[in-house]
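Enquirer: quick one: sequence plus predicted model below, questions after.
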Amino acid sequence: MGSITDDKRNLIIVSNRLPLSVKRVKGTFESSLSSGGLVTSLSGLTKSTQFQWFGWPGIEVKDPREQEDVQKSLDAHNAIPIFLDSSLAHEHYNGFSNRILWPILHYQSGVVFDETPWQAYRRVNELFADAIAQTAESGTLIWVHDYHLMLLPQLLRDRLKQQGKSCAIGFSLHTPFPAGDFWRNLPVRKHLIEGMLSSDLIGFHTDEYKQNFIDTCASLLNARTEIPNQIQYQNRLVCIDKFIVGIDPQKFTDTLQMPDVQDRIRSLKDRYKGVKVIVGVDRLDHIKGLTQKLKGFDAFLDDHPELQNKVVLIQVAVPSREDVKEYQDLETELCTIAGKINGKHATPEGTPLLYMHRSVPFNELTALYSVADVCLLTSTRDGMNLVAFEYVACQQERHGVLVLSEFAGAASFMTNGSIPFHPANKTEMSEAIFNALNLDPAERKAKYEYLRGFVNTNTSAKWGETFIERLSRRCRRPGTSC
Ligand SMILES: O=P(O)(O)OC[C@H]1O[C@H](O[C@H]2O[C@H](CO)[C@@H](O)[C@H](O)[C@H]2O)[C@H](O)[C@@H](O)[C@@H]1O
Ligand SMILES: O=c1ccn([C@@H]2O[C@H](COP(=O)(O)OP(=O)(O)O)[C@@H](O)[C@H]2O)c(=O)[nH]1
């Protein structure tokens, strides 16, 4: 990296959630790694780049002495907590971000706007802006992440200007950005998009999301968008591009070599001798198409009675956003469907579906990826989907097959090396699973090698370094073309 990021004070990363969530345990504070792809992508960057990471620690701490204790527990990770009252955090995170914005960003219509969570969303963005503006110095690069903080670039720019500081602000969206029509139910959409447009550089996962954003800026704000990858709005030039987020594949290769992971792989292989293993790893979220996945697997079992006791689906459903009613309802629905599938297809020899509603330690996850013949991902929409990358990173020996919904962002890059399908079509899913299980070794190898090349080239480190390099160029020459 250039010298600009060699000094950690010069790069600030901001996300709603810190990579470590803090919990109060018997009078002290303990932290654990947060789940999800944003943490995975940014954690991969830590090897090559130093930065301070600002975010919400996931806990309410009011006492200033306790706040200091939390801060100390996060110091080793260069993480700076932004403390929020629990009701404000709840309205911001669950109320507006996850109940209103998240469905819209994932192309869902029928979302109902509510003023109270919107005010909380604004307030949290302001509190983040206050904290970051205080720490930033002229020349600091500030990289803001995701939909929880869409107003932050504008609020931050105003404060920095008042304080006479000049910083470059970058924004990366980790979700899809839908076509303009999906925004119509949201009366505050203009504020959100103008908020993002106060950045110097905005990154999306795919060309489709990038183009939807450009088109929305043109139609909603009358912004100038004729020059590729640039938006001119209110006398400012904003650069827009696609940056392919990835993982740290080496971390998986190293983990697979560890003796206890090798032991675990041996024991899983032994346990599933003569049985084809299909794996699924998803946060328990509507967008992951888990209902569709279980129904598609049920259809596959119906279609292939000859495979009774010869195939198992191991589905990890990582608990997520459990305070939101829609997520609680989904959990109940999935338990019911899982029970019905096993009720219908189980035999004294075993059950075809192992449904695990919990998170899985990293070593166990790599072992699971490694022994699986197929990875089945059924997202109805998904910003990228890093599980697809992780499965490939663990398939050096087996050359397992990725069965990937055409609606995951990852499908924009991985279709050639996978078996694509439409997640709403049970017959298509059933056929895709069957084809994956029966692909001949030469074809499996060819698909694997294509995907391995992609995953090893587009790492999280490369993603981060490319974005930061582009942002620092804008910092050195503000206002110039992108
Ligand atoms: O923080 P949570 O509410 O627990 O949710 C976890 C993360 O979910 C989303 O992840 C997205 O980012 C991934 C990496 O770019 C991408 O592969 C995936 O498709 C997205 O869904 C969310 O955008 C993150 O902010 C959350 O932290
Ligand atoms: O128990 C688990 C299982 C998986 N993951 C990780 O969660 C991330 C999921 O990222 P993805 O982009 O697929 O989707 P997201 O959850 O961010 O929507 C991957 O890095 C997984 O390894 C996790 O944190 N805990």
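Expert: Alright, I've got the coordinates. Residues are numbered from 1 along each chain as shown. Ligands and ions are numbered 1, 2, ... in the order given.

Enquirer: can you map out the helices along the stretch 301-450 of the chain?
Expert: 325-345, 362-371, 386-393, 411-414, 426-437, 441-457 (DSSP state H, counting those that start in this stretch).

Enquirer: export only the CA atoms of the fourth one, formatted as CSV.
Expert: The C-alpha atoms that make up helix 411-414 are tabulated as CSV, following Å, rounded to 0.1, in the frame of the first residue of the first chain:
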residue,chain,number,x,y,z
ALA,A,411,-23.7,-15.0,-10.0
SER,A,412,-22.5,-12.0,-12.1
PHE,A,413,-19.0,-13.4,-11.9
MET,A,414,-19.4,-17.1,-11.1
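
Enquirer: dump the residue contacts of residue 293.
Expert: 280, 315, 376, 378, 423, 429 (C-beta atoms under 8 Å, 6 or more residues apart in numbering). Yep, even glycine has a C-beta here, placed from its N, CA and C like the rest.

Enquirer: backbone dihedrals for the fifth one, please?
Expert: Here is the backbone geometry of residue 423 (degrees, to the nearest 10): phi -70, psi -20.

Enquirer: and it, what does it touch?
Expert: Counting by C-beta under 8 Å, 6+ apart, residue 423 has contacts 289, 292, 293, 296, 378, 379, 380, 405, 406, 407, 429.

Enquirer: now the last one: closest residue in space that isn't a chain neighbour?
Expert: Computed as C-beta to C-beta, 6 or more residues apart in numbering, the closest residue to residue 429 that is not its neighbour in sequence is residue 296, at 3.3 Å.

Enquirer: do the strand or helix carrying that neighbour and ligand 1 meet?
Expert: Per DSSP states H and E, residue 296 falls inside helix 290-303. No: on the criterion C-beta under 6 Å from any ligand atom, helix 290-303 is out of touch with ligand 1, staying 13.8 Å away.

Enquirer: and that helix, what's buried?
Expert: Neighbour counts over helix 290-303 (16 or more other C-beta atoms under 10 Å) mark 290, 291, 292, 293, 294, 295, 296, 297, 298, 299, 300, 301 as buried.

Enquirer: stretch 341-351 now?
Expert: Residues of stretch 341-351 classed as buried: 341, 345, 351 (neighbour count, 16+ other C-beta under 10 Å).

Enquirer: please apply the same query to stretch 403-410.
Expert: Neighbour-count burial for stretch 403-410 flags 403, 404, 405, 407, 408, 409, 410 (criterion: 16+ other C-beta under 10 Å).

Enquirer: now do the third one against residue 375, distance only.
Expert: It stands for residue 405. 12 Å (C-beta to C-beta, to the nearest Å).

Enquirer: then the second one?
Expert: Plainly put, residue 404 is 8 Å away from residue 375 if you go by C-beta to C-beta.

Enquirer: hey, what's in contact with both of the two?
Expert: Counting by C-beta under 8 Å, 6+ apart, the contacts common to residue 404 and residue 375 are residue 388.

Enquirer: per-residue confidence at whichever residue of the stretch 51-200 of the chain sits closest to ligand 2?
Expert: Ligand 2 sits closest to residue 174 of the stretch 51-200 of the chain, with a gap of 7.0 Å, by C-beta to the nearest ligand atom. Per-residue pLDDT puts residue 174 at 98.

Enquirer: you'd agree it is up against residue 38?
Expert: Yes: with contact defined as C-beta atoms under 8 Å, residue 174 reaches residue 38; the gap is 5.3 Å.

Enquirer: give me the common contacts of these two.
Expert: Contact with both residue 174 and residue 38 is made by residues 145, 146, according to C-beta under 8 Å, 6+ apart.

Enquirer: hey, where'd the helices end up in the stretch 151-300 of the chain?
Expert: Assigned helices in the stretch 151-300 of the chain, in chain order: 152-162, 189-197, 207-221, 249-257, 259-271, 290-303 (criterion: DSSP H, counting those that start in this stretch).

Enquirer: what does the stretch 1-150 of the chain give?
Expert: Shown for the stretch 1-150 of the chain, the helices assigned by DSSP H, counting those that start in this stretch span residues 37-43, 64-75, 86-90, 102-105, 115-135.

Enquirer: residues in contact with residue 475?
Expert: Applying C-beta under 8 Å, 6+ apart, the residues near residue 475 are 4, 139, 141, 167, 168, 200.

Enquirer: you'd agree the third one is up against residue 12?
Expert: Yes: using C-beta under 8 Å as the test, residue 141 is close enough to residue 12 to be in contact (7.2 Å).
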